[in-house]
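Visitor: Fold the following, please.
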Amino acid sequence: MISVITVTYNNYDDLQRTLHSLKNVDGIESVVVNGGDCNKTKKLLSNNYDGIAISEPDNGISDAFNKGVTHATAENVMFLNSGDVLLSPEYLKEAEKTLSFNPEISFVHSDSLFEDRISGIIYMKPLKSAFFSKVPLGRGMPYNHLTMVIRKSVFEKIGLFKLHYKITMDFEWVCRLQNNNFNGHYIGRDPVVRMDGGGVSSTTEQLVMWESFKALIENHLLSPENIVGILERSILYIGRILMETLGMTSILGSLKRKKHNSNWQRSNVLELNNNYPTVKSKPKHTFPGVSSLNRSILSQKRIGLNGLLIHDYPTGLSRYSFELIQRILTRWEGDSVAYSTSPELRKKFPKSTKSSVPPFHYPANFRSNSVRLSWEQVGLRYACYKDKLDLLYSPIAEGILFPQLPQIITVHDLLPFHYPSLLPRWVPYYEYFLPAVIKGSTAVVCVSEFTRLEVLERYPSIPEEKLKVIHGGVDLDRFHPCSPGVIKDRYDINDYLLCVGEVRPYKNIENIFRALELWSDGPKLAISGNILGDHKAKLEKLASSLNIENRITWLGYVPDDLLPNLYSEATAFIFPSLYEGFGLPLVEAMACGCPTISSNRASLPEIGGKAAHFFDPMEISDMAEAIKKVCEDSEYRKTLTQRGTKHAKRFNWESSFKKHINLFETILS
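Guide: Residues are numbered from 1 along each chain as shown. Below is the predicted model of the structure:
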């Protein structure tokens, strides 16, 4: 996905033009940073805008774009100024494909149209120099910056835009790109963006040149080549000023049109001269470790699905596995097979589900886990051979060692490293076995950027390009606002604060109790989820010592079909977890229109975005203030509800499924 970031200041018509060009473009996330006070703009962004909107004062254009980068959730970003128009959605797809297949490339760029104040609309290509084959930075911005699609991880490595550079913030940032040896790739084609030439830099080029000169000095790039580039740029600027002063504007305009419009096709020579690497258009080396199978027709490929973890009491992993596997079985009907004892899969897909596998008993124990892991190495390996599979997909962090076919696994989190006493027998698996499985896998899906970064930090030998972030989802046909009364009638509760999930120590239920004690007339707390005996006893003892035992309702396991009602009837949903790889309940609550209060740890800020009220889960007073703010302020709850239902649409299973399918097809084709 690409986050397209737009900054606007009281220019409603320009913003509408830009957003209209992004309408119905697949695979993008629109992010608008509004630093003005135009009521029409604010209304547009609050009512009819399906994207991330940040409306608040800023400290200049650099600060505004930095806010956009910070709030963007996609893997890649692009900057489209208010008034600029996207001309080619296909370019975005090609750019994303190029970055996906070529980890050594940090950004791509192309050509654009520019509404020049003298020459009208002209065709803009990367700069050329009269003296050098590779244009020095001193000559000016080497790329059409508004066509650049950049990996967001690049900003994490070299930093955001600097606030003291107002006009040349992008030039200074490109100086840092060069200093860190980040490579780009030029895609020559028809123009992909039409740029509005009415910006401030079009009439203050002398200031642009001065700030560019300072940026070169600051980044220790004032080389002889760049000095010559500065002189070349200065001579051209003085020449333009003289022609305008002498009334030769029409001649100047004619020369510029002739220069820029002479050739609309780019040659391979330019790519070679500018040291743009030759990109891969096939995934042959994108996911190293397994040779691709030599089949020519995609429809003949057979996919195996590891559904061993699906069980009758669906927790996060079980539900995740089921949602994806049932969609894959539907998409590849007749050419896919699931290995699972799930009654629901067997009923819906009797010909595609093989149940001669170890059954999963919840909660799992050492014996059942050992049997499953052993069967995966022997039974699943044999099944791949017997069923003539072309690809094996495991929606969990398990797989075959040294597979003889392409294998994809999914890493949800690295919980055993954070809570070894809770999962002591899983620590050796994650320490020694999982990295070997990852090494033998063709690709590894991570359910969040947080998890991806954790995997890279924990297993530094794993190639970064092997990891692909694909968020999980929520079934929006099931999880949506429901009519009230169902939960009240069944459980005899109303006006409750809801907490959902397995009650484990890292879920941090204890601190909710302590926060509720600080607000004596606060809401009741309803806790849904399987509760382990000893831990429940400790929680009940804590509630009693805090004199809040009468405000706690233990719901136990709530049937799946009642979860949407449970969320919908709650005053608010609280998620105080200290560690989550994704945090599915957060999105489920938002989809049901339930105002959401969340911990600010691990992946939760990434998943919750601007649609949740965050707090520090280890600060009791901070949590208590968050609960009180949301439960007492009905207008704020309404705002969170509106944001949440819109935000949850970004995490739907169909979108997640399509991204998985794209990954499968990339590997199989």
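Visitor: And the pLDDT at residue 119?
Guide: Predicted confidence (pLDDT) at residue 119: the value is 53.
Visitor: actually residue 221, not the one I wrote
Guide: Residue-level confidence at residue 221 comes out at 78, pLDDT.
Visitor: List phi and psi for it.
Guide: In this entry, residue 221 is assigned phi and psi values of phi -120, psi 20 (degrees, to the nearest 10).
Visitor: what does residue 360 give?
Guide: Per-residue torsions, residue 360: phi -100, psi 120 (degrees, to the nearest 10).
Visitor: Check residue 2 too.
Guide: Summarising the backbone geometry of residue 2 under the convention degrees, to the nearest 10, its torsions are phi -120, psi 130.
Visitor: residue farthest from the centroid of this protein?
Guide: Counting by C-alpha atoms, centre = their mean, the extreme residue of the chain relative to its mean C-alpha position is residue 246, 53.5 Å from that point.
Visitor: What residues does it make contact with?
Guide: Residue 246 makes no contacts at all, as judged by C-beta atoms under 8 Å, 6 or more residues apart in numbering. Just so you know, the C-beta spots here come from the backbone N, C-alpha and C atoms, and that holds for glycine as well.
Visitor: Isn't residue 87 up against residue 191?
Guide: Yes. With contact defined as C-beta atoms under 8 Å, residue 87 reaches residue 191; the gap is 5.9 Å.
Visitor: ok, then the element right after the helix or strand that contains residue 597?
Guide: Element membership for residue 597, per DSSP states H and E: strand 596-599. On the C-terminal side of strand 596-599, the closest following helix or strand by DSSP H and E is helix 604-608.
Visitor: Which helix or strand lies directly C-terminal to that following helix?
Guide: Helices and strands here follow DSSP H and E; after helix 604-608, the next one along the chain is strand 613-615.
Visitor: roughly how far out does that next one sit from the chain middle?
Guide: The chain centroid and the centroid of strand 613-615 are separated by 20 Å under C-alpha atoms, centre = their mean, to the nearest Å.
Visitor: Residue 97 should be in a helix, yeah?
Guide: Yes. Per DSSP: H, G, I helix; E, B strand; the rest coil, residue 97 lies within a helix segment.
Visitor: circling back: which one's more surrounded, residue 87 and residue 191?
Guide: Legend: neighbour count by other C-beta atoms under 10 Å for residue 87 and residue 191, higher for residue 191 (21 against 16).
Visitor: Double-check the more buried one against residue 86; I have them as touching.
Guide: No. Residue 191 lies out of contact with residue 86 (C-beta under 8 Å); the separation is 10.5 Å.
Visitor: And stretch 555-572, what's buried?
Guide: Using 16 or more other C-beta atoms under 10 Å as the test for burial, stretch 555-572 gives 555, 558, 562-572.
Visitor: Which one of those residues is nearest to residue 317?
Guide: Closest approach between these and residue 317, by C-beta to C-beta: residue 563, at 16.3 Å.
Visitor: can you pull the pLDDT of that closest one?
Guide: The per-residue pLDDT reported for residue 563 equals 93.
Visitor: Need the phi and psi values for residue 386.
Guide: With angles defined as degrees, to the nearest 10, residue 386 sits at phi -60, psi -40.
Visitor: Kindly state the pLDDT recorded for it?
Guide: At residue 386, the predicted lDDT confidence score is 94.
Visitor: Residue 668 versus that one, what's the distance?
Guide: Distance of residue 386 to residue 668, given as C-beta to C-beta, to the nearest Å: 20 Å.
Visitor: ok, the two, which is more surrounded?
Guide: Between residue 386 and residue 668, counted using other C-beta under 10 Å, residue 668 has the larger neighbour count: 18 against 9.
Visitor: mind checking how far the closest residue to the more buried one other than its chain neighbours is from residue 391?
Guide: Spatial nearest neighbour of residue 668, chain neighbours left out: residue 301 (4.8 Å); criterion: C-beta to C-beta, 6 or more residues apart in numbering. Distance from residue 301 to residue 391, counting by C-beta to C-beta: 7 Å.
Visitor: Pull up the overlap in contacts between those two.
Guide: With contacts defined as C-beta under 8 Å, 6+ apart, the residues shared by residue 301 and residue 391 are residue 668.
Visitor: of the two, who's got more company?
Guide: Counted by other C-beta under 10 Å, residue 301 and residue 391 do not tie: residue 391 has more neighbours, with 25 against 20.
Visitor: residues touching that one, list them.
Guide: 301, 302, 303, 304, 405, 406, 407, 408, 664, 667, 668.
Visitor: hang on, isn't the first one packed against residue 331?
Guide: No. Taking contacts as C-beta under 8 Å, residue 301 lies outside contact range of residue 331: 11.7 Å.
Visitor: For residue 424, give me phi and psi.
Guide: The phi/psi pair for residue 424 (degrees, to the nearest 10) is phi -60, psi -30.
Visitor: End to end on stretch 349-368, go ahead and measure it.
Guide: Here the two ends of stretch 349-368 are set 25 Å apart, with distance taken as C-alpha to C-alpha, to the nearest Å.
Visitor: can you pull the buried residues of that stretch?
Guide: When burial is assessed from 16+ other C-beta under 10 Å, stretch 349-368 yields the following buried residues: 349, 352, 353, 354, 357, 358, 360.
Visitor: After the lowest-mean-pLDDT helix or strand in the chain, which helix or strand is next?
Guide: Here the helix or strand of the chain ranked lowest by mean pLDDT, DSSP states H and E is helix 268-273, holding a mean of 32. On the C-terminal side of helix 268-273, the closest following helix or strand by DSSP H and E is strand 303-306.
Visitor: Pull the residues that contact that next one.
Guide: Identification of contacts with strand 303-306 by C-beta under 8 Å, 6+ apart yields 325, 328-329, 332, 335-340, 376, 380, 383-384, 387, 389-396, 398-399, 664.
Visitor: which neighbours do residue 87 and residue 191 share?
Guide: Among the neighbours of residue 87, those also in contact with residue 191 (C-beta under 8 Å, 6+ apart) are residue 113.
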